[in-house]
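Fold the following for me, if possible:
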Amino acid sequence: MQAQFYNGSQLNFGKSRVQYNDFFWTYYRFDKFDTYFYLNGKELAQYTAEYADNHIREIELMLQSGLEDKIQFIIFNNLSDLKQSNI
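From the prediction side, this is the model:
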């Protein structure tokens with residue numbers, strides 16, 4: 001009966017996780033990154049976008065490389081939503 005209490009965090013690579021909720025994703029687009037969020041995540045997405053915009057150059061300097069492709073920030077409102085995601 002161990003599977004009855006499975007929390008979804010120990011899946012083998014390539015296995016899909018069960019999704020309990022449907023998310024309606026929205027996004028903000030910027031030159032070097034996109035920020036994706038869903039219902040009730042707008043404030044955190046705005047904070048993430050502002051932080052990334054102000055610190056992207058520092059990140060590039062730390063990595064000693066410019067970003068060739070856009071970064072995609074995916075904002076989850078809580079850990080349980082992240083655990084059920086296939087992203």
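
contacts, neighbours, all on C-alpha from now
Noted.

Which positions within the longest helix anywhere in the chain qualify as buried?
Secondary structure of the chain per DSSP state H: the longest helix is helix 42-63. Buried residues in helix 42-63, counted by 16 or more other CA atoms under 10 Å: 42, 45-46, 48-49, 52.

Put the alpha carbons of the helix or strand following that helix into CSV.
Per DSSP states H and E, the first helix or strand lying C-terminal to helix 42-63 is strand 71-74. Output of strand 71-74 as CSV, limited to C-alpha atoms (Å, rounded to 0.1, in the frame of the first residue of the first chain):
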residue,chain,number,x,y,z
ILE,A,71,15.6,32.8,-20.3
GLN,A,72,12.2,31.6,-19.3
PHE,A,73,11.2,32.1,-15.7
ILE,A,74,8.2,29.9,-14.7
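
Tell me the neighbouring strands of strand 71-74, and mark each as parallel or antiparallel.
Strand 71-74 has its sheet partners listed here by DSSP bridges as strand 33-37 (parallel).

Can you check the pLDDT for Asp31?
Looking at Asp31, its pLDDT is 88.

how about the nearest residue to it, chain neighbours excluded?
The shortest distance from Asp31 to any non-neighbouring residue, by CA to CA, 6 or more residues apart in numbering, is to Lys70 (7.5 Å).

a strand runs through Phe24, doesn't it?
No: counting by DSSP: H, G, I helix; E, B strand; the rest coil, Phe24 is not part of a strand but coil.
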